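*Asks:* 3D, please:
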Amino acid sequence: MHAITIQEPGVVGVTPEPPGRLEAGCVRVRTIYSGVSAGTELTAYRGTNPYLTRHWDAERRLFTEGRTHAYPLSGWGYQEVGEVVEAAPDVAAPPVGSLVWGIWGHRAEAVLPAERLAGHVLPPGADPLTGVFARVGAIALNAVHAAGVHLGDQVTIFGQGVIGLLATRLAVLSGARVVAADAIPARLALARRFGAAETFDVLTGSCAEFVRKRLDGADTAIELSGSHHALHEAIRSVRRGGRVVAAGFYQGEGVGLRLGEEFHHNQVQLVSSQIGAVAAGLSHRWDVERLQRTFMELALRGEVDTGALVSHVTPARDAAEAFALLDRHPADALQVVFAFGEPPGNHGPPTPGPPAHEEAR
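*Replies:* Numbering: from 1, shown residues only. I've put the predicted structure just below:
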């Protein structure tokens, strides 16, 4: 039994961890795959996550002096898939042998309440790798919901990492005409495969000026790169009274965000999207669980090609190299997945295609 641990900024190891005791109402899940969140987890790897320097008061919903988490950070990660290998006597579902998706961190196994896995069983024959996209897919869907996308809307999506590409696909499925913006050509190629009507390389100039020239401005923009400069460009890109969804995980002070310019003069709506809750106007009908299940239904039906996003499947023991790759060479990786074991039954070994950054060239 072991878990991937961020020991201090820039230092990752695989450490032993005692197995959990199987309690009533619980199942033991042996991890097959665990996906890396290149946004949240890199903030922990780099030491920039606000939880490391500020205390989150959950009751008052305020950051205050102090800290919420401290190194070492064990088992971070929130998109896992595994096999149920043991169940308490009082548990009927999910049955032993089921492949399930959920959140239990980068660890070889976990003991989980069976009720947390209700509706999380992969159907027979499904690629287990699909399960690692439930959470990031929900984040993308949450951002699209927050944007209030309507049939025929012009939407600009800044950042075409995993979540940005998923948002592009989901916005297209919602009836939008999408302009996808990024600095990495291979990701822009994938955005076109995912249905973007146009793409823009942000290293060549101003995406906002491009969008205003071609489309007279976007109805909505979704910012998913986590860059304050990109957020400012998203604000510049929308029409008067347009909406900008800030869904990236922004670090530090807002350098490059000039709110006295287009934001002020064009009466732009700026809303935040974060996976802790759904868009305020939908909270009477939607919750995070529904977001995850909805995304998984789309992926399992083949309406979202999650396999095209997997660039690396690497043994968990090589976690340090994987984090270093994401940190130092982001253009060379997209969705990195840790493998803890081979898929059971007749699912066969993982057979991902070529790395997404190579396939798109």
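*Asks:* in three-state terms, label the residue positioned nearest the centre of the chain for me.
*Replies:* The centroid of the chain falls nearest to residue 136 when counting by Cα atoms, centre = their mean (2.8 Å). Assigned by DSSP: H, G, I helix; E, B strand; the rest coil, the conformation of residue 136 is helix.
*Asks:* cool, and residue 172?
*Replies:* Residue 172 ends up helix, using three-state DSSP.
*Asks:* which ones are touching it?
*Replies:* With contact taken as Cβ atoms under 8 Å, 6 or more residues apart in numbering, residue 172 is in contact with 178, 194-196. The way it works is simple: take the backbone N, C-alpha and C, and place the C-beta from them, glycine included.
*Asks:* and residue 109, by the same measure?
*Replies:* Contacts for residue 109 (Cβ under 8 Å, 6+ apart) come out as 1, 19-20, 28-31, 82, 85.
*Asks:* over to residue 170?
*Replies:* 140-141, 144, 295, 298, 304.
*Asks:* redo that, cut-off 6 Å
*Replies:* 140-141, 144 (Cβ atoms under 6 Å, 6 or more residues apart in numbering).
*Asks:* against the centre of this protein, work out the most remote residue.
*Replies:* residue 89 (35.1 Å).
*Asks:* what about residue 292, how many neighbours?
*Replies:* Using other Cβ atoms under 10 Å, residue 292 has 26 other residues around it.
*Asks:* could you pull out the helices in the stretch 201-350 of the chain for me?
*Replies:* Using DSSP state H, counting those that start in this stretch, the helices of the stretch 201-350 of the chain run over residues 207-215, 228-237, 262-265, 288-300, 319-328.
*Asks:* contacts for the fourth one?
*Replies:* Helix 288-300 is contacted from outside by 119, 126, 130, 134, 137-138, 141-142, 304, 306, using Cβ under 6 Å, 6+ apart.
*Asks:* same question for it, mean pLDDT?
*Replies:* Averaging pLDDT along helix 288-300 gives 97.
*Asks:* repeat for the third one
*Replies:* The pLDDT scores in helix 262-265 average 96.
*Asks:* try the first one
*Replies:* Predicted confidence along helix 207-215 averages 95 (mean pLDDT).
*Asks:* in PDB, list the C-alpha atoms belonging to that helix.
*Replies:* Provided in PDB are the C-alpha atoms of helix 207-215 (Å, rounded to 0.1, in the frame of the first residue of the first chain):
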ATOM      1  CA  CYS A 207      -7.400  37.300 -29.500                       C
ATOM      2  CA  ALA A 208      -9.800  40.000 -28.400                       C
ATOM      3  CA  GLU A 209      -9.100  42.200 -31.400                       C
ATOM      4  CA  PHE A 210      -9.300  39.100 -33.600                       C
ATOM      5  CA  VAL A 211     -12.700  38.200 -32.200                       C
ATOM      6  CA  ARG A 212     -14.000  41.700 -32.500                       C
ATOM      7  CA  LYS A 213     -12.900  42.100 -36.000                       C
ATOM      8  CA  ARG A 214     -14.300  38.700 -37.100                       C
ATOM      9  CA  LEU A 215     -17.400  38.500 -35.000                       C
END
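*Asks:* lowest-pLDDT helix or strand in the protein?
*Replies:* Within the chain, no helix or strand scores below helix 356-359, which has a mean of 38 by mean pLDDT, DSSP states H and E.
*Asks:* where does the protein dip in pLDDT?
*Replies:* 342-361 (pLDDT under 70).
*Asks:* domains of it?
*Replies:* Following automatic domain parsing, one gets these domains for the chain: 2-121+305-359, 136-282.
*Asks:* including distance to residue 290, could those go into a markdown table?
*Replies:* Shown next, in a markdown table, are these (distance: least, Cβ to Cβ, whole Å):
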| stretch | distance to residue 290 |
| --- | --- |
| domain 2-121+305-359 | 10 |
| domain 136-282 | 8 |
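*Asks:* okay, those, which one's buried deepest?
*Replies:* Stretch with highest mean neighbour count among the domains of the chain: domain 136-282 (a mean of 21; mean count of other Cβ atoms under 10 Å).
*Asks:* ranges for the strands of the stretch 151-300 of the chain?
*Replies:* 154-158, 177-182, 198-201, 218-223, 238-246, 269-272 (DSSP state E, counting those that start in this stretch).
*Asks:* using PDB, write out every CA atom in the longest one.
*Replies:* Read that as strand 238-246. C-alpha atoms of strand 238-246 as PDB (Å, rounded to 0.1, in the frame of the first residue of the first chain):
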ATOM      1  CA  VAL A 238     -16.900  40.200 -25.200                       C
ATOM      2  CA  ARG A 239     -19.600  42.600 -26.400                       C
ATOM      3  CA  ARG A 240     -21.100  45.300 -24.200                       C
ATOM      4  CA  GLY A 241     -23.000  43.500 -21.400                       C
ATOM      5  CA  GLY A 242     -21.300  40.200 -22.200                       C
ATOM      6  CA  ARG A 243     -20.400  37.600 -19.700                       C
ATOM      7  CA  VAL A 244     -16.900  36.300 -18.800                       C
ATOM      8  CA  VAL A 245     -16.600  33.100 -16.800                       C
ATOM      9  CA  ALA A 246     -13.400  33.000 -14.700                       C
END
